[in-house]
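J.: Following is a predicted model, sequence given first.
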Amino acid sequence: MNEPFIIAFVLALISEIADKTQLVILGLALKYNSPLKVFSGALLAHAFMDGIAILLGAFFGFTLSSVLVKNSVGTVFIILGLWGFYKLYRKTHRKESRIPGKTPFTISLLTVMISEFGDKTQIASGLLSAKYLVPIPIFMGFVLALAAAIGFNVFVGSKIAQKLPRRTIKMITAVLFVLFGLFALVY
């Protein structure tokens, strides 16, 4: 039981280094000055998406059209990035209205769920579960590794956010989303 846990932990940690989802999480940490909410939303999204993959991998095995997933995710994030640029440069500067439920937690949760759909970490977790058929240690290994990666990213990102002007943060966030979308389309 220790071997699948260790393999899952190491695989998830390595998979998340310079991962596109980590760029998205960094963008969210820069946009919102609420690191704990961004961390919690991102970790819950990862746990949910990887948990589904692990269960499917252990019991059914699955194949998704990687081209469809890649193109959909890439397009969504390019649109989100371009929308960020539009909001940054539009002529009329309206005060941002507060939409109920639009919190750093829910935005992080939904954004990371979208970006993780068909991601290499999710696929790796499902394949590892299909190989070892012990979903709980694999899930625990993935979640602990993701907590470490997301925690580092969010809390370092929030420290950067405290030192930058708000406009610069919005610009960086929009650029990260467009880059993520392009990266998803190309790779």
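T.: Structure's in. What do you need? Owing to the predicted nature of the structure, the values given are computational and were not obtained by experimental measurement.
J.: following the lowest-mean-pLDDT helix or strand in the chain, which helix or strand comes up?
T.: In the chain, the helix or strand scored least confidently by mean pLDDT, DSSP states H and E is helix 66-89, which has a mean of 73. Remark: after helix 66-89, the chain's next helix or strand is helix 104-116, criterion DSSP states H and E.
J.: Tell me which residues are up against that next one.
T.: For helix 104-116, contacts defined as CB atoms under 8 Å, 6 or more residues apart in numbering pick out 20-21, 24-25, 28, 32, 34, 37-42, 44-46, 48-50, 73, 76-77, 122, 180. No exception for glycine: its C-beta is placed from N, CA and C like everyone else's.
J.: among these, which ones are buried?
T.: 20-21, 24-25, 28, 32, 34, 37-42, 44-46, 49-50, 73, 76-77, 122, 180 (16 or more other CB atoms under 10 Å).
J.: From Ala53, how far off is Ser115?
T.: 14 Å (CB to CB, to the nearest Å).
J.: shouldn't Gly81 be in contact with Met171?
T.: No - counting by CB atoms under 8 Å, Gly81 does not reach Met171; the two are 10.6 Å apart.
J.: Neighbour count: the two, which is higher?
T.: Gly81 (21 against 17; other CB atoms under 10 Å).
J.: Contacts only, for the more buried one.
T.: Ala174, Val175, Leu176, Phe177, Val178, Leu179, Phe180, Gly181.
J.: how far away is it from Phe5?
T.: 37 Å.
J.: do the same with Phe105
T.: From Phe105 to Phe5 the distance is 28 Å (CB to CB).
J.: Quick check: next helix or strand after the host helix or strand of Leu127?
T.: Assigned by DSSP H and E, Leu127 belongs to helix 120-132. Following helix 120-132 in sequence order, the next helix or strand is helix 135-163 (DSSP H and E).
J.: Kindly export the helix or strand following that next one (C-alpha atoms) in PDB.
T.: Scanning forward in sequence from helix 135-163 by DSSP H and E, the next helix or strand is helix 166-186. Output of helix 166-186 as PDB, limited to C-alpha atoms (Å, rounded to 0.1, in the frame of the first residue of the first chain):
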ATOM      1  CA  ARG A 166      -3.800  46.400  -9.100                       C
ATOM      2  CA  ARG A 167      -3.600  47.200 -12.900                       C
ATOM      3  CA  THR A 168      -0.400  45.200 -13.300                       C
ATOM      4  CA  ILE A 169      -2.000  42.300 -11.500                       C
ATOM      5  CA  LYS A 170      -5.000  42.300 -13.900                       C
ATOM      6  CA  MET A 171      -2.600  42.500 -16.800                       C
ATOM      7  CA  ILE A 172      -0.500  39.500 -15.600                       C
ATOM      8  CA  THR A 173      -3.700  37.500 -14.900                       C
ATOM      9  CA  ALA A 174      -5.000  38.100 -18.500                       C
ATOM     10  CA  VAL A 175      -1.700  37.200 -20.000                       C
ATOM     11  CA  LEU A 176      -1.500  34.000 -17.900                       C
ATOM     12  CA  PHE A 177      -5.000  33.000 -19.100                       C
ATOM     13  CA  VAL A 178      -4.200  33.600 -22.700                       C
ATOM     14  CA  LEU A 179      -0.800  31.700 -22.400                       C
ATOM     15  CA  PHE A 180      -2.600  28.900 -20.700                       C
ATOM     16  CA  GLY A 181      -5.100  28.700 -23.500                       C
ATOM     17  CA  LEU A 182      -2.500  28.800 -26.200                       C
ATOM     18  CA  PHE A 183      -0.400  26.100 -24.300                       C
ATOM     19  CA  ALA A 184      -3.500  23.900 -24.000                       C
ATOM     20  CA  LEU A 185      -4.200  24.200 -27.800                       C
ATOM     21  CA  VAL A 186      -0.600  23.500 -28.800                       C
END
